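A.B. asks: test case, fold it:
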Amino acid sequence: MASRLMEDGTTAFIGTGIPMLAAMLAQRRHAPNLIPIFEFGGTGAILTKLPRAVGEGRTFNRAVAASGICDIVETAQRGFIEYGFLGGAQIDMYGNLNSTVIGPHDRPRARLPGSGGANDVGSNCWRTIAIMRHDQRRFVPKVDFITTPGYLSGPGARERAGLAPGTGPYRVVSSLALLGYDEESKWMKLLAVHPGVTVQQVVENTGFELLIPPDVGENAPPSAEELRILREEVDPGRFYI
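C.D. replies: Prediction:
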């Protein structure tokens, strides 16, 4: 599903893990001119082999540019990166993401990997897409820490914080559904469920009240060819799958 959201000829900031799988699948299926951008400087790489991290050599394979993290962040700040694909441990109704701690910051129950470039992606890319497992531990009414800003506290909050108008969360690809955000309230809403999933299942696994439009769709299942590419070409060693 995340792969299908990657448009040909666009720039996409790719995080570690599932976003890499999605980018590789997109380049092979429908977006050969996708320009993946990695925070340590790889821009426009041809992803022939799965990177194990955002700074390893495979993220520079036949790239159009090889720079560094400061150049990449500046590129996002200047408005040249259209999509940002991220994961996280928690997300709230306004698309704020937490990948820092679970529990109080100074005495957390668990410490997570932290921001890396995630704050810059969510602050500066035009459209941020989160890829998440879907359950009430992850879809929460209030994240324990805002690692990556979504719409913060609601309409106008990003702009008051100094972030560019028109940027912000766009989609959430979860293990149950595809979600978006209401244009006026900036509140998360259900767009379409995955095959075999009901609207009620999505509601029961979300820790806050979702907006449910009258015309909830159903996503097309993965094709046999998509699955073959993912399993045999993208991640044959099952590093992330």
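A.B. asks: can you map out the strands along this protein?
C.D. replies: Counting by DSSP state E, the chain has strands at residues 11-14, 35-37, 42-43, 65-66, 83-86, 90-91, 97-98, 101-102, 110-111, 127-132, 169-174, 177-181, 188-193, 217-218.
A.B. asks: let's have those strands in TSV, adding mean neighbour count, distance to Gly207 and mean pLDDT.
C.D. replies: (Each C-beta comes from the backbone N, C-alpha and C, glycine too.) Formatted as TSV, those follow (neighbours: other C-beta atoms under 10 Å; distance: least, C-beta to C-beta, whole Å; pLDDT from 0 to 100):
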stretch	mean neighbour count	distance to Gly207	mean pLDDT
strand 11-14	26	27	95
strand 35-37	26	32	96
strand 42-43	23	36	95
strand 65-66	14	41	94
strand 83-86	28	19	94
strand 90-91	26	9	98
strand 97-98	26	13	97
strand 101-102	18	14	96
strand 110-111	10	17	94
strand 127-132	23	12	96
strand 169-174	24	13	98
strand 177-181	23	14	98
strand 188-193	20	11	98
strand 217-218	12	23	98
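A.B. asks: adding distance to Arg58, write those strands out as CSV.
C.D. replies: Shown next, in CSV, are the strands of the chain (distance: least, C-beta to C-beta, whole Å):
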stretch, distance to Arg58
strand 11-14, 12
strand 35-37, 11
strand 42-43, 8
strand 65-66, 12
strand 83-86, 17
strand 90-91, 28
strand 97-98, 25
strand 101-102, 30
strand 110-111, 28
strand 127-132, 20
strand 169-174, 23
strand 177-181, 29
strand 188-193, 33
strand 217-218, 35
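A.B. asks: residues in contact with Asp235?
C.D. replies: Taking C-beta atoms under 8 Å, 6 or more residues apart in numbering as the criterion, Asp235 is in contact with Leu21, Leu50, Ile241.
A.B. asks: most neighbours, which of the residues you listed?
C.D. replies: Using other C-beta atoms under 10 Å as the neighbour criterion, Leu21 leads the contacts of Asp235 with 22 neighbours.
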